[in-house]
Structure formats: structure tokens, C-alpha cells
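1. fold the following and give me the result.
(chains A and B)
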There are 2 protein chains.
Amino acid sequence: MMTIIQRSPKEQRERIRNGFDTVPTTGMCAGYTQANLVILPKEYAFDFLLFANRNPKPCPIVDVMEPGQIVSNIADPTSNICTDIGKYRIYKKGELIEEVEDITPYWRDDFVSFLIGCSYTFENALENAGIEMLFRTAGNNVAMYKTNIPCYQAGIFHGPLVVSMRPVPKRKLVTAVEVTAKFIHTHGAPIHIGDPSKIGIEDITKPSYGDFTPYDEEEYVPVFWACGVTPQEVAKASKPEIMITHTPGYMFISDRKESL
Amino acid sequence: MMTIIQRSPKEQRERIRNGFDTVPTTGMCAGYTQANLVILPKEYAFDFLLFANRNPKPCPIVDVMEPGQIVSNIADPTSNICTDIGKYRIYKKGELIEEVEDITPYWRDDFVSFLIGCSYTFENALENAGIEMLFRTAGNNVAMYKTNIPCYQAGIFHGPLVVSMRPVPKRKLVTAVEVTAKFIHTHGAPIHIGDPSKIGIEDITKPSYGDFTPYDEEEYVPVFWACGVTPQEVAKASKPEIMITHTPGYMFISDRKESL
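-> The predicted structure follows:
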């Protein structure tokens, strides 16, 4: 297994802010909540918060910041939502127009930032239960897929569920459900076990986001969890004027201890 | 114990709509979720939904309706949020100006209705666990109190927590916590057991809302649950242009089965 240097969330955010460790954050700051980011103008904030409330599996809210606020309520006062993530994506009217490392030039006083729990948070508990994160061992990003499962609509926001996939040894399937079901703020229990075609995934080797890491099909079964990248597919379908997100895999690392 | 005729939620709503059973809804439609009501103009909807998200114990959201929508998503299509509650309260700039049985004349296309889980939902489970609802036996409304515990602010919304109180036999205190902790959509575990002065209640015989029902202090301890009347104290403190609520104790009875 790869060894990742364990820093405090504050120190890790500083390194990312200064251009170091610009890789997916899986394995960093074990024991702390990692979060997906969605930034929208205030005019869309009610619809999006309602979308998150109606779709708590992909969009478990861990923080909502006031309009214009750049310091998250679950990070220390030196943190900055514009710089503390390795890579950001700018969507305009549903199109990904740019990937940047600093969104300060785009910032507006009416921007509301939503932090959404990430499944990286429970990977530590899965590993402690004897379920290896094969993608991490291979130095890859986790594999994420667009599915054919629609989210519940709220206002303008609609679109398909995105899932992350981790192969689990056949003997460990119940354990994987039991362990992750407790993490209600970071996606909880899986939404599907096994046959990817049942949720509209045609080719498991071609994820929509992240990397496919090969596994032995005799020994492992693919297990799918709701994913906080879902709002990016929702942006494509719903076409808000502007939505800024993290780049899948490059998460915001909060000071909040993972909690069950 | 008083016997209350058990009707389907649809039938019970029809009776209330037609002016029958205009009493507190405790004990009606056992097994179904009852809900507090908050109606606000769309301009306040994001702030209030965020307030509810930040204060899930008093404000567990069970439905949010689109602007102008009068049929709840958790009731049949004949239901009408303007008429299906026995009594409504109209707050303007934080002042209670009127109590009415039908809010149709006040309705606006930009009104967003929030339904918030009510502790009446778990009373059936408490009674099954051998904890009598003394207030109901006495034909009273439950006692509710303003406390000195501040809610978390969101936008303009701030104010003190309101609690409902039920006396619990001393031998049954753990049971009361265990049973209600499972009802996460209807306030969950109590927020306080015992000495009312610890949460700012000076005189237990004088509730802020509802009725005080005497109990034997040798045998019973007062137990306090977060209450969906909290938004009414929040209205008084935050003074939105208009907020329409139910009258405490007169709840919306939904078609949703109580769920754990």
C-alpha cells in the first residue's frame, strides 16, 4: 500500500494553496471529512440547497457558506475556498469551459459555496475493515460513472446520479455495506452491488471521471456509492449561468473529524 | 386513556378542511407523520431552508413545496395546504396579527411551504413502550416552552429553541431516549431531561404554547424535545415581512408513514 504523509488539515490546505500535492486527495488527512465543492450565485442557492435536501445520498451537505464568504465554517480562519483545492472546474451554461488552480479572479460577492461530503472520508474505515483501496495502491484516482438513475428535481436542477466504484472482495460485501452505512454525512451505504449494466454503466473500464484500475473479477465485485460529483452532471443538464466545482478527486479537506 | 377515532390521513384532512375535529391533532392517524408548517415568500426561502439545515433537531424538513404549490408532496392530490390544518397563524414583521382557519385569501404565487416533522409522530411509539401521554389523557394540548438555547443563525433567521415537554416515569427515562432517538425526521432524542431552569424555563406551569397538565413530581420527570414551533419564535425575533404557520398543536397530517 502507498504511504501518504499525514499532515494536519490546516498544513495540508496550505501546501495545496501553495501549489504542492496537486494530486487527488485520497488518503490525505485520514480521519477528517473531505468535501466536494459547488459554488453558485445566490439566485440559484435555494434551488440547489433543496436539490441537495432531496438527494441526500449524492449531496450530503456538510457546510453552506453565506454569500461572499470564503472561509468555510468547518475550517480554520486562514483557509480560503478560492485557493485550498488543487484544481477547480468552471461550468458556464452547462459547459466545462476551464480548469484552474485558483478561482480568486472569478469570485463574486453573491457566490454561495456548498460543501458536500466525500466518500474519501470512509475509505480509512474500509481499509481498517480489511478492504484495500486498489485504485490508491495503483496510484490512481477513484473511478466515477454517470448512471441512468435520475436525481429528484428541485427548481431548475435535475440530472443523473454519479457514483464512485470500489472493487470489494466477495467475502467482504456485507462488511463494506455495514461500515459505510454509518457514514451518513459522506454518502452512507452503497447504492448498488455488482452488475454495472443495471445502473446504466456500459463499460466499467471507461469511467466518466477518474481512472479505471483493473481488478480480478473472480475475487472482486464492483460496489457503487453515490458521489458528490453528481452536481457536475446536474450542471451539464440544468445549465445555470455559472457553477464552479472542484475537479473530481481533488477535494476540500476540512477540519471536521469524520463522524458517524 | 382517551380513544380517538382512527381515520386515514386523507379522510382526516377532509374532515379538518370541512370544519370538523378542530382540536389539536395529537393521537389522530397513529402511524403517520404529522408536520409543523412554515410558509414564507420565495425571497426568504434559501435563508429558511439553510436555517432548517443548521437546526435539524427543531426543524427536520419532511417536505418543501415549490413556490405557489398547494398540494404537499407527501399527501394525496386532493389535499390543500391552505385548508387542511385546523388553525393557522399569520405573522407580519414578527407580530402575530391573526389566527384563521383558511389561508386561501392570503395565498401568493411566491409562497414556499415547508413541512417540519412533529413529535406527535413518536407519541404512539412512546405509548407502546408504556409511557402514557398525560396531556392527551387530560384532553389537553402538549406544553411547549421558549428556552434560552439559541438556534444557529442563517441569513436573517435567528431566535431561541422551543421545546415540547412530556412527563416520563422515572423508571422509563432511558426508554424515552431510546425510543425517540430513532425518529430522526421528527426531532429524535430529547434535548434535556429534568430541571427546567437549566434551559431557561422559569415556571413549568406556564408554557409559552399549549397547556400545562399537572403531574406527580415524585413519580415523573419532565423531558424536553426540540419542537417545530421554534420557527414561530424565530419569526418574532427575525421579523420577515410575512410568515404563515400552523397554530401550535394543530398539525398537518401527511400520508407518509412514520419511518425510523
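2. ok, and the closest non-adjacent residue to the residue in the stretch 151-260 of chain A positioned nearest to chain B?
-> Nearest residue of the stretch 151-260 of chain A to chain B: A:Gly155, at 7.4 Å (C-beta to the nearest C-beta). Every C-beta, even on glycine, is put in place using the N, C-alpha and C of the backbone. Leaving aside its sequence neighbours, A:Gly155 sits nearest to A:Asp47 (C-beta to C-beta, 6 or more residues apart in numbering or on different chains; 2.9 Å).
3. shouldn't the one you found be in contact with A:Ala154?
-> Yes - using C-beta atoms under 8 Å, A:Asp47 is in contact with A:Ala154, at 5.5 Å.
4. could I get the full set of helices for the stretch 1-150 of chain A?
-> Taking DSSP state H, counting those that start in this stretch, the helices of the stretch 1-150 of chain A run over residues A:9-17, A:45-54, A:120-128, A:134-137.
5. what comes up buried for the first one?
-> Of the residues in helix A:9-17, those scored as buried under the neighbour-count criterion (16 or more other C-beta atoms under 10 Å in any protein chain shown) are A:9-10, A:12-17.
6. from these, which is closest to chain B?
-> For those, the nearest to chain B is A:Pro9 (21.6 Å; C-beta to the nearest C-beta).
7. what sits against that closest one?
-> A:29, A:32, A:75, A:253-255 (C-beta atoms under 8 Å, 6 or more residues apart in numbering or on different chains).
8. alpha carbons only: can I get stretch A:241-251 in PDB?
-> What follows is stretch A:241-251, C-alpha atoms only, in PDB (Å, rounded to 0.1, in the frame of the first residue of the first chain):
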ATOM      1  CA  GLU A 241     -25.300  30.700 -15.800                       C
ATOM      2  CA  ILE A 242     -22.200  29.700 -13.900                       C
ATOM      3  CA  MET A 243     -21.200  26.900 -11.500                       C
ATOM      4  CA  ILE A 244     -17.800  26.400 -10.100                       C
ATOM      5  CA  THR A 245     -16.800  23.000  -8.700                       C
ATOM      6  CA  HIS A 246     -13.700  21.100  -7.600                       C
ATOM      7  CA  THR A 247     -12.100  18.800 -10.200                       C
ATOM      8  CA  PRO A 248     -13.300  15.200  -9.400                       C
ATOM      9  CA  GLY A 249     -10.800  13.600  -6.900                       C
ATOM     10  CA  TYR A 250      -9.300  17.000  -5.800                       C
ATOM     11  CA  MET A 251     -11.300  17.600  -2.600                       C
END
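9. show residues contacting that stretch.
-> A:22-26, A:34-41, A:85-93, A:99, A:103, A:106, A:111, A:118, A:120, A:141-142, A:144, A:209-210, A:229, A:231-232, A:235, A:252.
10. kindly report the same for stretch A:198-205.
-> A:143, A:145-149, A:160, A:163, A:165, A:191-192, A:196, A:212, A:214, A:222, A:224.
11. what about the residue nearest to A:Ala52 when sequence neighbours are not counted, neighbour count?
-> Excluding its sequence neighbours, the residue lying closest to A:Ala52 (C-beta to C-beta, 6+ apart) is A:Cys59, at 3.8 Å. Look at A:Cys59: counted by other C-beta atoms under 10 Å in any protein chain shown, it has 26 neighbours.
12. does A:Cys59 touch A:Glu233 like I think?
-> No - under the criterion of C-beta under 8 Å, A:Cys59 makes no contact with A:Glu233, lying 11.8 Å away.
13. ok, stretch A:66-80 near chain B or not?
-> Yes - counting by C-beta under 8 Å from any C-beta of the partner chain, contacts between stretch A:66-80 and chain B involve A:Glu66.
14. pull out the buried residues from that stretch.
-> A:70, A:72-75, A:79-80.
15. same thing with stretch A:18-35?
-> Under the neighbour-count rule (16+ other C-beta under 10 Å), stretch A:18-35 has A:21, A:23-29, A:32-35 buried.
16. distance between it and the chain's centre?
-> 12 Å (C-alpha atoms, centre = their mean, to the nearest Å).
17. between the two ends of that stretch, how far is it?
-> 19 Å (C-alpha to C-alpha, to the nearest Å).
18. who in the stretch 1-150 of chain A is up against chain B?
-> A:42, A:45-46, A:49-50, A:53-54, A:61, A:64, A:66, A:112.
19. quick check on the residues you listed: which are buried?
-> Buried among those by 16+ other C-beta under 10 Å: A:45-46, A:49-50, A:53-54, A:61, A:64, A:112.
20. all strands of chain A, in order?
-> A:32-41, A:61-64, A:88-92, A:95-100, A:111-117, A:143-150, A:160-169, A:192-193, A:220-226, A:242-246, A:252-257 (DSSP state E).
21. which residues touch A:Val221?
-> Residues counted as contacts of A:Val221 (C-beta under 8 Å, 6+ apart) are A:167-168, A:170, A:173, A:193-194.
22. bridged to it, which residues?
-> A:Val168 (DSSP bridges).
23. just the pLDDT for it.
-> A:Val221 is assigned 97 on the pLDDT scale.
24. what's the distance between the spatially closest residue to A:Arg7 that is not a sequence neighbour and chain B?
-> Closest residue to A:Arg7 apart from its sequence neighbours, by C-beta to C-beta, 6+ apart: A:Cys29 at 6.6 Å. Relative to chain B, A:Cys29 is positioned 25 Å away (C-beta to the nearest C-beta, to the nearest Å).
25. ok, A:Cys29 touching A:Gln6?
-> Yes - with contact defined as C-beta under 8 Å, A:Cys29 and A:Gln6 form a contacting pair (6.8 Å).
26. which residues touch the closest residue to A:Pro248 other than its chain neighbours?
-> Of all residues not flanking A:Pro248 in the chain, A:Tyr209 sits nearest, at 4.0 Å (C-beta to C-beta, 6+ apart). By C-beta under 8 Å, 6+ apart, A:Tyr209 lies in contact with A:141, A:143-145, A:162, A:229, A:232, A:248-249.
27. who's A:Ile61 bridged to?
-> Here A:Ile61, judged by DSSP bridges, has bridge partners A:Ile116.
28. that one: what's it in contact with?
-> The contact partners of A:Ile61, taken as C-beta under 8 Å, 6+ apart, are A:49, A:52-53, A:114-117, B:53.
29. measure it to B:Asn53 for me?
-> 6 Å (C-beta to C-beta, to the nearest Å).
30. for those two, list the residues in contact with both.
-> Contacts common to A:Ile61 and B:Asn53, judged by C-beta under 8 Å, 6+ apart, are A:49, A:53.
31. what's the most distant pair in the residues of the stretch 1-150 of chain A next to chain B?
-> A:Arg54 and A:Glu66 (22.4 Å; C-beta to C-beta).
32. and the gap between the residue nearest to A:Val163 when sequence neighbours are not counted and A:Gln232?
-> What sits nearest to A:Val163 in space, not counting adjacent residues and going by C-beta to C-beta, 6+ apart, is A:Phe224, at 4.1 Å. A:Phe224 sits at a distance of 17 Å from A:Gln232 (criterion: C-beta to C-beta).
33. still on that earlier bit, can you tell me which of the helices of the stretch 1-150 of chain A the model trusts least?
-> Looking at the helices of the stretch 1-150 of chain A, the weakest mean confidence is helix A:120-128, a mean of 90.
34. mind checking how far that helix is from the chain centre?
-> So, by C-alpha atoms, centre = their mean, the centroid of helix A:120-128 is 14 Å from its chain's centroid.
35. quick one: contacts for whichever residue of the stretch 1-150 of chain A sits closest to chain B?
-> In the stretch 1-150 of chain A, the residue that lies nearest chain B is A:Phe46 (3.7 Å; C-beta to the nearest C-beta). Shown in contact with A:Phe46 (C-beta under 8 Å, 6+ apart): A:155, B:42, B:45-46, B:49, B:112.
36. low-confidence regions, the stretch 151-260 of chain A specifically.
-> Counting by pLDDT under 70, the ranges of the stretch 151-260 of chain A that qualify are A:260.
37. which residues touch stretch A:67-82?
-> Contacts of stretch A:67-82 (C-beta under 8 Å, 6+ apart): A:9-10, A:13-14, A:17, A:33, A:37, A:39, A:42, A:45, A:62-63, A:65, A:84, A:102-104, A:107-113, A:115, A:252, A:254-256.
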